[in-house]
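Enquirer: Predicted coordinates and the sequence they were generated for:
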Amino acid sequence: MTTIRRFCCDDLLRFSSVNLDHLTETFNMSFYMTYMARWPDYFHAAVSPGDRVMGYIMGKVEGQGESWHGHVTAVSVASEFRRQKLAKKLMNLLEEISDKMDKAYFVDLFVRASNMPAIRMYEKLGYVVYRRVLRYYSGEEDGLDMRKALSQDVEKKSIIPLKRPITPDELEYD
Amino acid sequence: MASKFGLAGGIPERRVRPIWDAVDSRQYKAALKLCTALLAKHPTSPYVLALKGLILERMGKPDEALSVCLNAKELLCSDNIFHFDDLTLSTLQIVFQRLERLDLATSCYEYACTKYPNNLELMMGLFNCYVREYSYVKQQQTAIKMYKTVGEERFLLWAVCSIQLQVRFSSGGEKLLPLAEALLKKHITSHSLHEPEALALYISILEQQSKYDAALEVLSGDLGSLMGREEEKLRLQGRLLAQACNYAAASEIYQKILESCPDDWESFLHYLGCLLEHGLNLPKSRASEHTSLLSVDSPLALKTSLSKELVESRLANALSFVQKLQGNDTSECVRGPHLANIEIERQRRLSGNSTDRNFFEALVNYFHRFGHLSCAPSDVEIYLHMLSNDEITELLDTISRSFDTSSLSVKGLGLTITSFKVQELLGIFFSKSTTELQSIAKGMVETFYKSLPLSRDLDPQESMHGEELLCMASSILVQLFWRTRNLGYLIEAILVLEFGLTVRKYVWQYKVILVHLYSYLGALPLAYRWYVTLEVKNILLESASHHILPQMLSSPLLQQTADLVKDYLKFMDDHLKESADLTCLAYRHRTYSKVIEFVQFKERLQHSMQYLSMRSDSIILSLKQKAESLEEVESIIENVNHGSRLVELSNRDNMEQFTFNEDLQARPWWTPTTNVNFLSEPFDEGSSPACFRAKVFEHKSIEKDDPKIKDAERKSLLPRIVYLSMHGCASSFRETEPNGSGLGTDAAEMKPLLEKYARSIGYSIDDALSVILGMSSGKKSVKDFAPDIVSWMSFAVFINAWNLWSNESVIPKADQSSPSSWQIVDSLVKICIEQLIDANRTLTSPGNSIPVLVQMITEPISWHLLVIQSCVRSMAPQGKKKKKGGPSERPNIPRLQATQRSVQCMIETLRSVQSWLSDQTRPEEQALDILMSYLQGGSDDGPGQIPCILEENSARHNPELGERFAQSLETWSSAGVIRRIVGAEKELLVELKKICDSKLKLLGSVSASLSSALH
């Protein structure tokens, strides 16, 4: 049993069991708060019956024309609450909001090319590798830009993989 | 505006661009050069001046920056200025904000807005200034003015938000709610509303005035379509209906929510609350939405006015609804309806309507379905406590029968873990015999090893199956140590976790427990090393620093501690500075709910008790580090307003508002908060499991407690008292110094501070005086005052300092033979330290005396040496005065003698510490042997078996493990871990010895100058 609701500032003080995990980055405050202020519908927490933070998703919506899309910035679940499809639930929520509320064309996300567990999970959720971004992570590791088309993109044009990898400065958005 | 014509602040854009480019690329020198050149052409351009100010500020020249910007401001506000634009103002604003002079930025905008009354851009700038200053009333007025000027919805909502902030943060603000409502109503009539956030704000204004029906009407009208997600609308509707006491309708709404989100536990509880019409589970108003969430903790009295029959029939309805939801679930992942089943049966059990079996069976079913999940035990924790002993046995039995123990499977492993966790949660392990516990712990470690093949194909980054086993094993070993005081178990507890980290180095849960175990064992450097790998940063500094900081603060690792404190303060200070800018951002993006939330959050962090504490700690730490140099100490204290600001911060009003933001969830059970450690108390064999559980959970929930607040208060007084002590002594030591005004005020200030200090230890100043007199004369036992002994010693030091220059007699004198204040300090220091080192505890004794010893030496003794240094310096000939031929300076001989005696006493005491430290520092091999001997009991009983298992497992060639695990296990060595413990303990001793060395060196030179003065 999971109550999924908007992420709020107080959650920042209670998400250490999610964020102490080595794969989860703890960003600076203006990062979190900018997401809350600009895209409150894209930042959700899942809480347990004891009101503990089980996990959360943060994202945004951006782009123009047919590249208007939802973006997953981070999704993370505390180890105690893994293996029960919580990340999927959170992803579906963001996809639904991008699709229904914001009429976006696709949802995308970046993942470390070495993070196989995450890549496999996103693939299961219907994401495909759209392109590779060379040395995206601190100038060292490559990132994979994965995408899933939404109902606006009837012909699924947004997810036709690019033939060649790109460099970070070719990215359209930060 | 001027910039529309290719001008920036009245200057051609092409001239300004290179300056900004240089600033952006941090080429400040180049920027300044360009700017100075431009200024020569436009000497009176406020914009160019503002730019120069900005550059100077970035270059770290705040004073020059301020003066340039003040100049710009003056020009702006003079009548003959032409180019008056937002660019100039916003540039100035940036500089003033960085110089922490928000008032100056505001007054620039205020002036501009009077001069150009209808300029929207300027008004928005002014509004932001008020947001940064948290001036809600002025925010409201400015927003209203903007609304009147252009009639836009957003400005009206800015005003309404400002009203909300007044309601929350100033007394009497509620009176403004009708005004906000009226404003909104009027606007809606003519223009309607267009943003979901605007609607939410409108509804919350109505809700706060208890106008639920009106709010519901709005929601079901046209405006209701603004709500983006249907579930959110329904949740709001349910809450409003419940608050309007329309429970029947509310429960229907909640049913709808549950049909689409069957896992929404919060909504289920509201649903039940509405059905049974009892307060606890009813939805709360928006203001408290996220602060105090519902709990179903037992035992709660049913607060329902319904008849027993009605309750039963409604619960029966709920049950069939929930069962329908269970049937709908095809994914087998939705736990909500199954947990709901248990909750309904619990309610029936509570109301006496049900046979107990139903409740038990609901629980058993839950475990059947979800028992393999890691969170299963904590999901149903509160329900487990309602079971009888027989039921518990039956439940555990059922769980263990539900899987095949002979074959290895993820599900079976999950159930094994669940069975252990249930016993842990219920405190059952506390009632097992030590022999049983040993075999359980052993079994856990073995199961962990046997289950490794299940994880062989997982990515190294992924958490493995069965990781919890080692946490639980280590926890049982700690309990064994608590019960037997056999150090071997504690070492085993460490080995188990280190073994786990050898297998996979990322398990933060292991690291956190190790941080605490190493700290307790006196191997702090190892604790610190693991802590560092947790990469605690940003907001985690506020919620997770508690794992290491308290121990570090009483350690000789002054530099590492200072770094931790510095990082923490930098984060907090920076955030508090930028927080209002983020509120501006929320306004700009019309996320009104977050405007209010951000301000609340800022308040929460600003009043963090940890924040206040650390501000004191940071100063105290620098004092400790520089205590051997009077000049450096003086400059440290001077930089913090001589400690006065901190004293002001610790006033009652501030302390009442303290917030405690530590996330204590991950702390081990034996130290549930920073100042509680069960291991330092004796284990009570007669206690029941429930008692232990209650004890652990009593502290777990909240860090807020009196001793911590008192401690924070005391720390905040310290820098000021140290300053006054030094200053007073220095002035008083010269006989020639007139008993003048300066001294009088110091003395007058010292008394209330010392009164406050004594109060924070729990005594009036007179009682406190008799305590230190009693202790120093041996009439009172130091042991009775042990928890606060360091504070008592410091108190004695400050009393002596005060006594040196106070006109009134500080110490009540019984007769001629009564000790002087110097003697009190000397003998108290001597007694306390002797007691500590005479106890002759060997090292590697948990909870050993090192931290207290470190504090005694780095705090009271340091403060006392500062007093002595001030005295000695003041008797040194002062060149100018002598030349003037004023009255010749004769040193106060009796006082010098007393000082000299005190110096000798400190030398002796520190030397005894030195020799104790040398005794403790054994050769590494010898220390290693001692620790290893704890693990070589030889028999089947007692510690020693687990290292054997670990050693065997890592040495065994097991092809099923896979290459990765096999490789990492090759590096395992119990002896290696123990060797590191020995090394870490030695490291601490060496650091402490260094501190003693430097104090002894100082004392030597002080003693020499005193001798020459006396002879």
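Expert: Everything's here; your move.

Enquirer: what about stretch B:348-366, distance to the chain center?
Expert: Its chain's average C-alpha position is 41 Å from that of stretch B:348-366, according to CA atoms, centre = their mean, to the nearest Å.

Enquirer: Contacts for it next, please.
Expert: B:299-300, B:302, B:308, B:311-312, B:315, B:335, B:338-339, B:341-342, B:344-346, B:376, B:379-380, B:383-384, B:386-387, B:391, B:394-395, B:398 (CB atoms under 8 Å, 6 or more residues apart in numbering or on different chains). In this view, the C-beta of every residue, glycine as well, is placed from N, C-alpha and C.

Enquirer: Also within reach of chain A: list those from those residues.
Expert: B:335, B:339, B:379 (CB under 8 Å from any CB of the partner chain).

Enquirer: Same list, these, but as CSV with pLDDT, neighbour count and secondary structure please.
Expert: Compiled in CSV, these are given as follows (pLDDT from 0 to 100; neighbours: other CB atoms under 10 Å in any protein chain shown; DSSP: H, G, I helix; E, B strand; the rest coil):
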residue, pLDDT, neighbour count, secondary structure
B:R335, 90, 25, coil
B:L339, 94, 24, helix
B:D379, 91, 24, helix
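
Enquirer: of all these, which comes closest to B:V496?
Expert: Using CB to CB, B:D379 comes nearest to B:V496 of those, at 26.4 Å.

Enquirer: so is the residue most central in space within chain A in a helix, a strand, or just coil?
Expert: A centroid search over chain A (CA atoms, centre = their mean) returns A:V72, at 2.1 Å, as the residue closest to the centre. The three-state label given to A:V72 by DSSP: H, G, I helix; E, B strand; the rest coil is strand.

Enquirer: Double-check it against A:G59; I have them as touching.
Expert: Yes. Contact criterion CB atoms under 8 Å: A:V72 and A:G59 qualify, at 4.6 Å.

Enquirer: name the element the closest residue to the residue nearest to the centre of chain A other than its chain neighbours belongs to?
Expert: Leaving aside its sequence neighbours, A:V72 sits nearest to A:L109 (CB to CB, 6 or more residues apart in numbering or on different chains; 3.9 Å). Assigned by DSSP states H and E, A:L109 falls within strand A:106-112.

Enquirer: Can you spell out which helices and strands pack onto that strand?
Expert: strand A:69-77, helix A:116-124, strand A:128-137, strand A:141-149 (3 or more CB pairs under 8 Å, 6 or more residues apart in numbering or on different chains; DSSP states H and E).

Enquirer: Mind doing that once more with 10 Å?
Expert: strand A:53-62, strand A:69-77, helix A:86-96, helix A:116-124, strand A:128-137, strand A:141-149 (3 or more CB pairs under 10 Å, 6 or more residues apart in numbering or on different chains; DSSP states H and E).

Enquirer: re earlier: what's the distance between the residue nearest to A:V72 and B:D838?
Expert: 64 Å (CB to CB, to the nearest Å).

Enquirer: Have a look at those two and say which one is more surrounded.
Expert: In terms of neighbours (other CB atoms under 10 Å in any protein chain shown), A:L109 is the more surrounded of A:L109 and B:D838; the figures are 22 against 10.

Enquirer: neighbours around residue 164, how many?
Expert: Answering for chain A, as no chain was given. 7.

Enquirer: Chain B, not that one
Expert: Neighbours of B:Q164 using other CB under 10 Å come to 26.

Enquirer: in what helix or strand does the nearest residue to it once chain neighbours are set aside lie?
Expert: Spatial nearest neighbour of B:Q164, chain neighbours left out: B:I596 (5.6 Å); criterion: CB to CB, 6+ apart. Following DSSP H and E, one finds B:I596 within helix B:592-606.

Enquirer: confidence score at the residue nearest to the centre of chain A?
Expert: On the pLDDT scale, A:V72 is placed at 98.

Enquirer: Alongside chain A, which residues does the stretch 751-900 of chain B contribute?
Expert: By CB under 10 Å from any CB of the partner chain, no residue of the stretch 751-900 of chain B approaches chain A.

Enquirer: residue ranges with poor pLDDT in the stretch 751-900 of chain B?
Expert: Applying pLDDT under 70 to the stretch 751-900 of chain B flags the ranges B:812-818, B:839-847, B:876-891.

Enquirer: As JSON lines, the helices and strands packed on strand A:106-112 with distance to B:L157 would be great.
Expert: Listed next are the helices and strands packed on strand A:106-112 as JSON lines, based on distance: least, CB to CB, whole Å:
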{"stretch": "strand A:53-62", "distance to B:L157": "22"}
{"stretch": "strand A:69-77", "distance to B:L157": "26"}
{"stretch": "helix A:86-96", "distance to B:L157": "26"}
{"stretch": "helix A:116-124", "distance to B:L157": "38"}
{"stretch": "strand A:128-137", "distance to B:L157": "39"}
{"stretch": "strand A:141-149", "distance to B:L157": "35"}
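
Enquirer: which one of those lies closest to B:Y568?
Expert: Of the helices and strands packed on strand A:106-112, nearest to B:Y568 by CB to CB is strand A:53-62, at 21.8 Å.

Enquirer: Please tell me how far the residue nearest to B:Q164 sits from B:E578.
Expert: Shown here: B:I596 relative to B:E578, a distance of 18 Å by CB to CB.

Enquirer: pLDDT on stretch B:160-173, on average?
Expert: 92.

Enquirer: So which bits of that stretch are buried?
Expert: B:160-168, B:173 (16 or more other CB atoms under 10 Å in any protein chain shown).

Enquirer: Who are the contact partners of A:V107?
Expert: Taking CB atoms under 10 Å, 6 or more residues apart in numbering or on different chains, we find A:V107 in contact with A:59, A:61, A:69-72, A:91, A:94-95, A:97-99, A:125-127, A:146-150, A:158.

Enquirer: Bridge partners for it, pull those for me.
Expert: Counting by DSSP bridges, A:V107 forms beta bridges with A:G70, A:K148.

Enquirer: pLDDT score assigned to it?
Expert: pLDDT, A:V107: 98.

Enquirer: can you check the one 3 residues further on too?
Expert: The predicted structure scores A:F110 at 96 on the pLDDT scale.

Enquirer: Tell me if I'm right that it and A:V75 touch.
Expert: No. Applying CB atoms under 10 Å, one finds A:F110 not in contact with A:V75, separated by 11.7 Å.

Enquirer: tell me which residues in whichever helix or strand B:L724 is part of are buried?
Expert: Following DSSP H and E, one finds B:L724 within helix B:706-732. Within helix B:706-732, the residues that count as buried by 16+ other CB under 10 Å are B:708-732.

Enquirer: Could you list the low-confidence segments of chain A?
Expert: A:174.

Enquirer: angle of the strand holding A:L109 against strand A:53-62?
Expert: Here strand A:106-112 runs at 120 degrees with respect to strand A:53-62, directions being taken by axes from the mean of the first three to the mean of the last three CA atoms, to 10 degrees.

Enquirer: So, low pLDDT: which residues of the stretch 101-250 of chain B?
Expert: Ranges of the stretch 101-250 of chain B meeting pLDDT under 70: none found.

Enquirer: hmm, 90 instead?
Expert: For the stretch 101-250 of chain B, the stretches flagged by pLDDT under 90 are B:115-118, B:170-174, B:227-230.

Enquirer: Let me see the ranges of the helices in it.
Expert: Here the stretch 101-250 of chain B has its helices, by DSSP state H, counting those that start in this stretch, at B:102-115, B:120-132, B:136-150, B:153-169, B:177-191, B:196-208, B:212-220, B:230-243, B:247-260.

Enquirer: How about the residues of the stretch 301-450 of chain B by chain A?
Expert: B:331-340, B:343, B:370, B:372-375, B:377-382, B:410, B:414.
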